[in-house]
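[1] Sequence and predicted structure are below.
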Amino acid sequence: MSLPALLVAVFGTAIVSTASGQAPSPPPQLSAVTHTAYSKNTELFAEWRPFIVGEATRLTAHLTLTSGDGFKPYATGKVTLTLTVETVAANAAADGPERPGVFRLNVTPQKAGTGRLVIDVSAATSNQHFVIDNVPVYANGAAALAQQSPVETGLIAFAKERSWEEVFATAPPTVLFPGAGRIFMVPTAAIVRDGTTLRVYVQRTPERFELREIQTRRTIGSNVEVIAGLHDGERVVVLGADKMPRQ
């Protein structure tokens, strides 16, 4: 094809694309990684972009005091982070929260592979030690995108900062008679009623929840027996369910 003819073809294609309103697809973006861990009186909700060798990455640690009548943010404290792959470590620290409960730590991984992330919290209330194993560190962005899982849809968003402003708490169901005959119990305040349908908010992350239908049987004091709809290891909203969005 001659150069003039090639230019006409390219120009014509551009006109057709513009006329049809088609815009180029945006390149795929890396989704945040999250991890949640609990100690006796603290919830750690950590978020970060996938770690890539040589790239500065900001990890946000949301720290919540879980004792008392509702979850409250850490007002003070120092957080240190160590990311280790084999024997190569990268470190970061935050001497205080950016705002109550929110600590920012900037870390630059030095080696690709499977790492261990250690987060230590020093505060007046207590010292906390969290270990996150099997943390991937990628050689480049393409490698990270290739391993990225689809984003789960259909969940209800409830920002961590908003939960700190409400009377809010999550907890695992109380288990009676562990084993094959186990019984799950949840507080009556955890149950959302829609006519004869009963639901609870099941936590997927501290900011994402599934409003799930359950079946109940007996009421014992201030708790209700759940016979279907909950599973081992799950947490539900036990305070503040009435303040959460329905969709």
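    On my side now, so go ahead. No experiment lies behind these values; they were computed from the predicted model shown.
[2] what about the closest residue to Glu55 other than its chain neighbours, distance to Thr219?
    Nearest residue to Glu55 in three dimensions, chain neighbours excluded: Thr108, at 6.7 Å (CB to CB, 6 or more residues apart in numbering). Where you see a C-beta, it was placed from the backbone N, CA and C, and this is true even at glycine. Applying CB to CB, to the nearest Å, the value for Thr108 to Thr219 is 54 Å.
[3] Comparing the two, which shows the higher neighbour count?
    Thr108 (15 against 11; other CB atoms under 10 Å).
[4] Against Glu165, how distant is that one?
    To Glu165, Thr108 is 34 Å away according to CB to CB.
[5] Val175 too?
    31 Å.
[6] for Val151, same thing?
    26 Å.
[7] Between those two, which is the more surrounded one?
    In this view Val151 and Glu165 are compared by other CB under 10 Å, and Glu165 has more residues nearby, 11 against 8.
[8] Got phi/psi on that one?
    Main-chain torsions, Glu165, degrees, to the nearest 10: phi -80, psi -20.
[9] Distance of it relative to Ala75?
    Distance of Glu165 to Ala75, given as CB to CB: 14 Å.
[10] now swap in Pro100 and tell me
    Between Pro100 and Ala75 the distance is 5 Å, computed by CB to CB.
[11] now swap in Ser25 and tell me
    With the distance defined as CB to CB, Ser25 ends up 44 Å from Ala75.
[12] Counting neighbours, go ahead and name the busier of these two.
    Each of Ser25 and Ala75 has its neighbours counted (other CB under 10 Å); Ala75 has more, 15 against 6.
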